[in-house]
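> I would like the atomic coordinates for the input below:
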Amino acid sequence: MSTGALATLIGQQPYKFPGNDAIGWFFIVLDVVLLTVFTTCIVYRFNAVPGSLARSLHHPHESFFFGAFLVSLALVIYCVDLYAVPICGDWLLKTIEVLYWTYAGVVALVAVFQYHVIFDRVKLPVTNALPAWILPVYPFLMLGVVGSAILKNQPSTAGLPIFVGSIAFQGLGWTVAYFILTIYVTRLVNSDLPSPPKRPAMFVAVGPASYTVNTFVALGMQAPKHIPKGFLGIDTIPVGDVFKAVAVAIGIFMWLIGFWFSALSTVSVILSAKESHFTLNWWAFIFPNVGLVTALLQISEALDLPSVQMICTGATAMLTLLWVFCAVMHVRALVRKEVLWPGQDEDMEDMNGEPEGLDGDSVEDDEHNGA
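This is a model prediction of the structure:
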């Protein structure tokens, strides 16, 4: 998720230096390689241990992270449109259109049935609430983002259905995320913060608002192209231009929500830095904040603010360096058997065979954005 998201941000930079695209391509190729390797490892795990797939999908914590796999696929589609379409031509545009709608059908089934399993089989107290509970519906937050991105290259005949669909998909993603974030804030008020090594997982809450801003502003900028004259029977005003103005205003209105969650998480992480060590949640430094920077970049382009665009370029450089730091720390932790090792992650169990972390401060925090 973090690698693919960073590739999309690098590819949208307004101020590019020599080698910018090469760095973007590096992250795209690495993203596909990592996704392939990780998927192969997970398939081997489920193959080697009969019944482990069913247990994973019904696990009170691990089950949420199936959504991370689907988000990773959405980012691959996003990267292909951003980098490959300009050099491949119209046939790839049609392929992306088909992939987009196929992906939408798959994640709709997942969002319904996975939440049904969670509501029916798993009882999680509010004091355990974490942003990871959003992940089964997170692909819908990405559907809006991907839809708004691919509209730049799609013809008007295919563009209007994608335009309307992106609004609907983002509506579901944001609304469910809003419900869960409300529960999460209630947990923060009534319970302790996560333990220091797991506080980076708090950044997951940055994503929903940030990617919703990204979607609305990008859709607004494409609205004059894809909304036809006389849309909804309105002939007196240009509907596309009106939507553009309203969408940018909505984006500005919502951006500070994501920034507030990011600032809150940053303060919590800094104050506990001396007591922290690497866990898989450190990858939450990247993916949600990429959405925050991308959203600000979209707003700055819409309002023609070069100074803000320069700030976004600086933030992109910082996130790239942070990705390198997390990667080094991740490899170091693997070598020292501190992560992805028996007894360290989601397979950690207590004496009764029940997964630890039911206090809301162990297993589920260890898993955040490790994909």
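> contacts only, for the nearest residue in space to Gln12 that is not next to it in sequence.
Leaving aside its sequence neighbours, Gln12 sits nearest to Leu297 (C-beta to C-beta, 6 or more residues apart in numbering; 6.3 Å). Where you see a C-beta, it was placed from the backbone N, CA and C, and this is true even at glycine. Counting by C-beta atoms under 8 Å, 6 or more residues apart in numbering, Leu297 touches 9, 12, 14, 309, 312.
> which of these sit farthest apart?
Checked with C-beta to C-beta, the contacts of Leu297 reach their widest spread between Leu9 and Gln309, with 12.7 Å between them.
> and stretch 74-82, which residues are buried?
74-82 (16 or more other C-beta atoms under 10 Å).
> can you check stretch 290-310 too?
For stretch 290-310, by 16+ other C-beta under 10 Å, it's 290-302, 308-309.
> now that stretch: mean pLDDT?
The average pLDDT within stretch 290-310 is 95.
> all further residue positions should be reported with the first residue as 33.
Sure, I'll start counting at 33 from here, so that last one is stretch 322-342.
> pull the CA atoms of it into PDB?
Provided in PDB are the C-alpha atoms of stretch 322-342 (Å, rounded to 0.1, in the frame of the first residue of the first chain):
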ATOM      1  CA  VAL A 322       0.600  10.300   0.900                       C
ATOM      2  CA  GLY A 323      -3.200  10.800   0.600                       C
ATOM      3  CA  LEU A 324      -3.000  14.000   2.700                       C
ATOM      4  CA  VAL A 325      -0.200  15.400   0.500                       C
ATOM      5  CA  THR A 326      -1.900  14.300  -2.700                       C
ATOM      6  CA  ALA A 327      -5.100  16.000  -1.600                       C
ATOM      7  CA  LEU A 328      -3.200  19.300  -0.800                       C
ATOM      8  CA  LEU A 329      -1.500  19.000  -4.200                       C
ATOM      9  CA  GLN A 330      -4.900  18.700  -5.900                       C
ATOM     10  CA  ILE A 331      -6.200  21.700  -4.100                       C
ATOM     11  CA  SER A 332      -3.100  23.800  -4.900                       C
ATOM     12  CA  GLU A 333      -3.400  23.000  -8.600                       C
ATOM     13  CA  ALA A 334      -7.100  23.900  -8.600                       C
ATOM     14  CA  LEU A 335      -6.400  27.200  -6.900                       C
ATOM     15  CA  ASP A 336      -3.200  27.800  -8.800                       C
ATOM     16  CA  LEU A 337      -1.000  28.200  -5.700                       C
ATOM     17  CA  PRO A 338       2.700  27.600  -6.700                       C
ATOM     18  CA  SER A 339       3.900  28.100  -3.200                       C
ATOM     19  CA  VAL A 340       1.700  25.300  -1.800                       C
ATOM     20  CA  GLN A 341       2.800  23.100  -4.700                       C
ATOM     21  CA  MET A 342       6.400  23.600  -3.600                       C
END
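> relative to Val322, how far out is Phe70?
19 Å (C-beta to C-beta, to the nearest Å).
> go on, Phe235?
11 Å.
> can you pull out the low-pLDDT segments for the protein?
377-403 (pLDDT under 70).
> and the residue of the chain positioned farthest from its centre, which of the three is it?
Farthest-out residue of the chain from its mean C-alpha position, per C-alpha atoms, centre = their mean: Thr268, at 39.0 Å. For Thr268, the assignment made with DSSP: H, G, I helix; E, B strand; the rest coil gives coil.
> quick one, phi psi at it?
The phi/psi pair for Thr268 (degrees, to the nearest 10) reads phi -80, psi -20.
> what separates the helix or strand where Val245 lies from the chain centre, distance-wise?
Element membership for Val245 (DSSP states H and E) is helix 239-258. Remark: helix 239-258 is offset 15 Å from the chain centroid, using C-alpha atoms, centre = their mean, to the nearest Å.
> buried residues in it?
239-255, 257-258.
> what sits against Gly283?
245-246, 248-249, 252, 327, 330-331, 334.
> present those as TSV; the columns should include distance to Val217.
As requested, the contacts of Gly283 are arranged in TSV below (distance: C-beta to C-beta, whole Å):
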residue	distance to Val217
Val245	19
Asn246	22
Phe248	23
Val249	25
Gly252	28
Ala327	20
Gln330	26
Ile331	25
Ala334	29
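> which one of these is nearest to Gly197?
Distance to Gly197 across the contacts of Gly283 (C-beta to C-beta) is lowest for Phe248, with 14.2 Å.
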